[in-house]
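>>> For reference, the sequence and a predicted model appear below.
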Amino acid sequence: MTAGAVAAAAARRLRERDDPGERTPAPMRGALSPIVLAIWLGAALLMATTVGQAAFAVLPTRQLAGALVGRILPVVFLSGIVAGVLAHLLSMRAGTRPTWGARLGGVALVGGCLVAQAIVAPKIESLRASLPAVIEALPATDPQRQAFGRLHGISVALLGVAMLGAAATIVSSLRVQHRS
């Protein structure tokens, strides 16, 4: 590269960093996407590792604990969808081109939350509403109890996929910023 080309590239980079019409400084714009994802990931981890377990440990019945967790999970899933889409838009706004890892992670985050909320959660609610008794009162061999267990496992797995997707996207985004 010639000295003129290097100087032109440096000037262009300074203009990008200090665009007076832009409210957010260029270095910060690249950090917004991982920050959004880290906030969601922290909330999802708190839900998965603490809130759910605490509800089942302290509430008087498993039915109440399940009702509490069932009210919180839609917020986690819907906010995961919003966080994934927002992170992608922020990444595009910052001018960074997402890597395959970030794209795949974003698809895992949004897809996992979307499937869990739009497909699995309604099936769980429908099954719960059709039960003649509290789920724990049914024998372990009851087909409805087994179906509930499978759906619960799928929901947990989808949350895990979404969390791994968020983590992969964060790592990939930070690696790209580090190289810039």
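Done, it's in. Quick caveat, the model's predicted, so the values are computed rather than measured. Residues are numbered from 1 along each chain as shown.
>>> does residue 97 sit in a helix, a strand or a coil?
Three-state assignment for residue 97 (DSSP: H, G, I helix; E, B strand; the rest coil): coil.
>>> Quick one: neighbours of it, just the number.
A count of nearby residues for residue 97, using other C-beta atoms under 10 Å, gives 10. C-beta here means a position set from N, CA and C on the backbone, and glycine is covered the same way.
>>> If we ignore the residues flanking it in sequence, what's nearest residue 124?
residue 151 (4.9 Å; C-beta to C-beta, 6 or more residues apart in numbering).
>>> quick one: contacts for that neighbour?
Going by C-beta atoms under 8 Å, 6 or more residues apart in numbering, residue 151 touches 120, 123-124, 127.
>>> In terms of helix, strand or coil, where does it fall?
helix.
>>> what about it, distance to residue 120?
6 Å (C-beta to C-beta, to the nearest Å).
>>> so where is the chain shaky, pLDDT-wise?
1-30, 176-180 (pLDDT under 70).
>>> Any of the contacts of residue 151 buried? List them.
120, 124, 127 (16 or more other C-beta atoms under 10 Å).
>>> Which one of the residues you listed is nearest to residue 52?
Distance to residue 52, by C-beta to C-beta, is smallest for residue 124 among these, at 14.2 Å.
>>> which secondary structure elements does the helix or strand harbouring the closest one contact?
In the assignment (DSSP states H and E), residue 124 maps to helix 121-130. Packing partners of helix 121-130 (3 or more C-beta pairs under 8 Å, 6 or more residues apart in numbering; DSSP states H and E): helix 62-94, helix 143-179.
>>> Buried residues, it. List them.
With burial defined by 16+ other C-beta under 10 Å, the residues of helix 121-130 counted as buried are 121, 124, 127-128.
>>> Keeping just the C-alphas, turn it into PDB.
C-alpha atoms of helix 121-130 as PDB (Å, rounded to 0.1, in the frame of the first residue of the first chain):
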ATOM      1  CA  ALA A 121     -45.700 -23.600  25.300                       C
ATOM      2  CA  PRO A 122     -49.300 -23.700  23.800                       C
ATOM      3  CA  LYS A 123     -49.100 -27.600  23.700                       C
ATOM      4  CA  ILE A 124     -48.000 -27.600  27.300                       C
ATOM      5  CA  GLU A 125     -50.900 -25.300  28.300                       C
ATOM      6  CA  SER A 126     -53.400 -27.300  26.300                       C
ATOM      7  CA  LEU A 127     -52.300 -30.500  27.900                       C
ATOM      8  CA  ARG A 128     -52.300 -29.000  31.400                       C
ATOM      9  CA  ALA A 129     -55.900 -27.700  30.800                       C
ATOM     10  CA  SER A 130     -57.100 -31.100  29.600                       C
END
